[in-house]
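>>> Fold the following, please.
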Amino acid sequence: MTSTAQAPQPGARTAHPEHLGHVIFIAAAAAMGGFLFGYDSSVINGAVEAIRGRYDIGSAALAQVIAIALIGCAIGAATAGRIADRIGRIRCMQIAAVLFTISAVGSALPFALWDLAFWRIIGGFAIGMASVIGPAYIAEVAPPAYRGRLGSFQQAAIVVGIAVSQLVNWAILNAAGGDQRGKLLGLEAWQVMLGVMVIPAVLYGLLSFAIPESPRFLIEVGRKERAREVLKEVEGDKIDLDARIAEIEHAMKREHKSSFKDLLGSSFFFKPIVWIGIGLSVFQQFVGINVAFYYSSTLWQSVGVDPTDSFLYSFTTSIINIVGTVIAMIFVDRIGRKPLALIGSVGMVIGLALEAWAFSYDLVDGKLPATQGWVALIAAHVFVLFFALSWGVVVWVFLGEMFPNRIRAAALGVAASAQWIANWAITASFPSLADWNLSGTYIIYTIFAALSIPFVLKFVKETKGKSLEEMG
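Purely as a prediction, here's the structure:
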């Protein structure tokens with residue numbers, strides 16, 4: 001990548017597009033999949049207790065219905081890279097939009113528990129696709145000088161999706177008189193919560209028609225002139241477009257279609273870089289972040305908080321999540337991905353440890369003692385803040401950047417699948433673990449947050465400021 005025709009390679013990193021607003025629009029439109037990812041993942045928070053009551057099921061069965069979407073996520077993430085390589089990134093987004101829409105309608109109008117689970121799997125498949133295509137597409141169209149900030153749009157969209165879902169849930173709950181099973185528009189309130197996702201799903205599909213295909217995919221399928229136009233759109237005309245296309249072509253000639261077997265190493269099954277990606281994904285989930293978004297209303301109600309207040313606390317946690325994400329977007333290209341990850345790990349250890357301490361106290365009249373209750377509430381927000389300003393953003397940026405071109409699609413698919421499997425393990429186990437010992441559950445999450453520190457220090461390399469072609 002070059003900044004002028006006379007200065008071939010390095011200057012590309014500082015090339016600034018002439019129409020940065022247009023580049024931001026492209027990244028934001030692609031990140032709409034992240035919004036749906038966050039919305040669909042978190043909206044179930046408002047329906048947990050209603051589903052338990054309507055179908056009269058225990059904690060273990062309830063957990064499986066909540067977590068089963070994550071199986072679809074893992075499958076969607078594992079296959080999205082190959083689908084995108086065959087039919088393009090934009091077509092992949094459009095398929096995800098259709099699946100999100102179908103899932104929203106089906107989940108809002110279930111006949112029985114089994115088909116609610118089925119529609120959640122369909123939605124999960126769409127989430128898995130969006131989790132891979134969003135960061136991969138943004139990494140491929142973003143100028144290197146802006147790639148970290150634009151890559152963080154994916155996580156920003158996720159956290160906004162989470163916050164909007166909680167706000168919508170809270171508004172619907174109030175409209176239904178504070179009863180998750182109260183009647184609204186001829187349905188129970190929780191059904192309306194799940195059905196509202198049709199609106200952003202359709203918007204995502206429409207936006208996918210307004211953004212260009214990835215220049216790397218266009219070059220791969222022989223549409224070089226269109227690729228030149230897209231590169232000019234996103235990187236400006238001050239760069240040497242011929243040299244930029246030649247650089248991408250050269251990188252693509254050195255690679256072949258990535259497949260699962262390309263990820264295999266001489267020992268320990270996968271290549272080391274793939275294990276590092278898997279490790280980042282697993283640590284991101286094993287700190288228990290999604291407990292805060294799938295079960296927070298149930299969690300606060302279990303320690304004596306009024307249902308309406310518990311929904312409000314879920315919303316305030318989502319706002320803190322947005323604040324942390326904005327902080328990460330500001331600093332991810334300034335101080336780098338690795339320092340942010342370390343700062344976040346330390347903060348998460350503190351927040352989780354304080355939650356574990358607060359939940360170790362016995363309930364008095366069905367509630368935590370006042371001091372412990374406030375500590376738990378504040379610590380939960382501290383934990384979410386430090387996650388959002390670090391691991392919530394940098395893991396997605398790392399996964400979009402860290403793999404060599406020749407294995408990027410397949411490696412990103414495996415790492416994202418590992419993330420969804422880890423997410424499933426945490427989501428499916430939390431209700432039973434909480435019934436066993438809520439404080440002990442948070443001690444487990446604290447241990448994983450602490451272990452993430454030596455993992456980052458020893459194995460993770462900084463990717464700040466490097467072009468994708470420099471990753472090997």
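>>> Which elements pack onto whichever strand or helix holds Trp420?
Using DSSP states H and E, the element containing Trp420 is helix 408-459. Contacts defined by 3 or more C-beta pairs under 8 Å, 6 or more residues apart in numbering; DSSP states H and E place helix 408-459 against helix 59-67, helix 69-87, helix 113-141, helix 272-286, helix 291-294, helix 296-302, helix 337-359, helix 391-401. Just so you know, the C-beta spots here come from the backbone N, C-alpha and C atoms, and that holds for glycine as well.
>>> highest average neighbour count across the ones you listed?
Among those, ranked by average contacts under mean count of other C-beta atoms under 10 Å, first place goes to helix 391-401 (a mean of 26).
>>> Mind exporting the C-alpha coordinates of that helix to PDB?
Output in PDB follows, covering the C-alpha atoms of helix 391-401 (Å, rounded to 0.1, in the frame of the first residue of the first chain):
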ATOM      1  CA  TRP A 391     -11.600  -7.400  25.800                       C
ATOM      2  CA  GLY A 392     -15.000  -6.500  24.300                       C
ATOM      3  CA  VAL A 393     -13.300  -4.500  21.500                       C
ATOM      4  CA  VAL A 394      -9.700  -5.700  21.200                       C
ATOM      5  CA  VAL A 395     -10.600  -9.400  20.700                       C
ATOM      6  CA  TRP A 396     -12.700  -8.500  17.600                       C
ATOM      7  CA  VAL A 397      -9.900  -6.200  16.300                       C
ATOM      8  CA  PHE A 398      -7.300  -8.900  17.000                       C
ATOM      9  CA  LEU A 399      -9.300 -11.600  15.300                       C
ATOM     10  CA  GLY A 400      -9.800  -9.400  12.200                       C
ATOM     11  CA  GLU A 401      -6.000  -8.600  12.000                       C
END
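>>> where does the protein have its least confident helix or strand?
Of all helical and strand segments in the chain, the minimum by mean pLDDT, DSSP states H and E falls on helix 296-302, at a mean of 74.
>>> So what's the predicted local confidence for Ala97?
On pLDDT, Ala97 comes in at 94.
>>> Nearest spatial neighbour of it, chain-adjacent residues omitted?
Once flanking residues are discounted, Ala97 sits nearest to Gly205: 3.4 Å by C-beta to C-beta, 6 or more residues apart in numbering.
>>> can you tell me the helix or strand for that neighbour?
Secondary structure assignment for Gly205, by DSSP H and E: helix 198-207.
>>> Return the distance of that helix from the chain's centre.
Relative to the centre of its chain, helix 198-207 is centred 18 Å away, using C-alpha atoms, centre = their mean, to the nearest Å.
>>> Start and end of stretch 296-315, how far apart?
10 Å (C-alpha to C-alpha, to the nearest Å).
>>> Oops, could you answer that again for stretch 218-230 instead?
Distance across stretch 218-230, first residue to last, is 9 Å (C-alpha to C-alpha).
>>> contacts for it?
By C-beta atoms under 8 Å, 6 or more residues apart in numbering, the residues outside stretch 218-230 that reach it are 85, 88, 141, 212-216, 241, 245, 248-249, 252.
>>> Nearest to Ala380 among these?
Comparing the contacts of stretch 218-230 against Ala380 with C-beta to C-beta picks out Val141 as the nearest, at 36.4 Å.
>>> Ignoring the adjacent residues along the chain, who's closest to that closest one?
In this structure, Val141 finds its nearest non-sequential neighbour in Val234, 5.1 Å apart by C-beta to C-beta, 6+ apart.
>>> What about that neighbour, how many residues nearby?
As a burial measure, Val234 scores 23 neighbours (other C-beta atoms under 10 Å).
>>> Likewise for Ile199?
13.
>>> Please report how far it lies from Phe35.
Taking C-beta to C-beta, to the nearest Å as the measure, Ile199 falls 11 Å from Phe35.
>>> next one: Val196
Relative to Phe35, Val196 is positioned 13 Å away (C-beta to C-beta).
>>> of these two, who's got more company?
Legend: neighbour count by other C-beta under 10 Å for Val196 and Phe35, higher for Phe35 (27 against 20).
>>> I'd like to know how far the more buried one sits from Ser165.
Counting by C-beta to C-beta, the gap between Phe35 and Ser165 amounts to 10 Å.
>>> same thing with Ser429?
Ser429 is 23 Å from Ser165, by C-beta to C-beta.
>>> For those two, indicate the residue with more neighbours.
Ser165 (30 against 18).
>>> Now do the helix or strand that one falls within against helix 198-207, angle only.
Using DSSP H and E, Ser165 sits in helix 153-175. Compare the direction of helix 153-175 with that of helix 198-207 by axes from the mean of the first three to the mean of the last three C-alpha atoms, to 10 degrees and you get 150 degrees.
>>> so how far is helix 153-175 from its chain's centroid?
In terms of C-alpha atoms, centre = their mean, the centre of helix 153-175 is found 14 Å from the chain centre.
>>> Could you point out the helix or strand that follows that helix?
Using DSSP H and E, the helix or strand that follows helix 153-175 in sequence is strand 183-184.
>>> and the next element down the chain from that next one?
As assigned by DSSP H and E, the chain's next helix or strand after strand 183-184 is strand 187-188.
>>> Parallel or antiparallel, which strands does that following strand pair with?
Strand 187-188 pairs in its sheet with strand 183-184 (antiparallel), by DSSP bridges.
>>> Mind listing residues that contact the partner strand?
Residues from elsewhere that reach strand 183-184 (C-beta under 8 Å, 6+ apart): Ile172, Ala175, Ala176, Ala189, Val192.
>>> give me that answer again for 10 Å
If you take C-beta atoms under 10 Å, 6 or more residues apart in numbering as the criterion, strand 183-184 is touched by Ile172, Leu173, Ala175, Ala176, Gly177, Ala189, Trp190, Gln191, Val192, Met193.
>>> ok, the fifth one - contacts?
So that's Gly177. By C-beta under 10 Å, 6+ apart, the contact list for Gly177 reads Lys183, Leu184, Ala189, Thr308.
>>> Which of those lies at the shortest distance from Gly76?
Once C-beta to C-beta is applied, the member of the contacts of Gly177 that ends up nearest Gly76 is Ala189, at 28.5 Å.
>>> Now for that closest one: which residues touch it?
46-47, 50, 169, 172-183 are the contacts of Ala189 under C-beta under 10 Å, 6+ apart.
>>> mind running it again at 8 Å?
Contacts of Ala189 (C-beta under 8 Å, 6+ apart): Ala50, Ile172, Leu173, Ala175, Ala176, Asp179, Gln180, Arg181, Gly182, Lys183.
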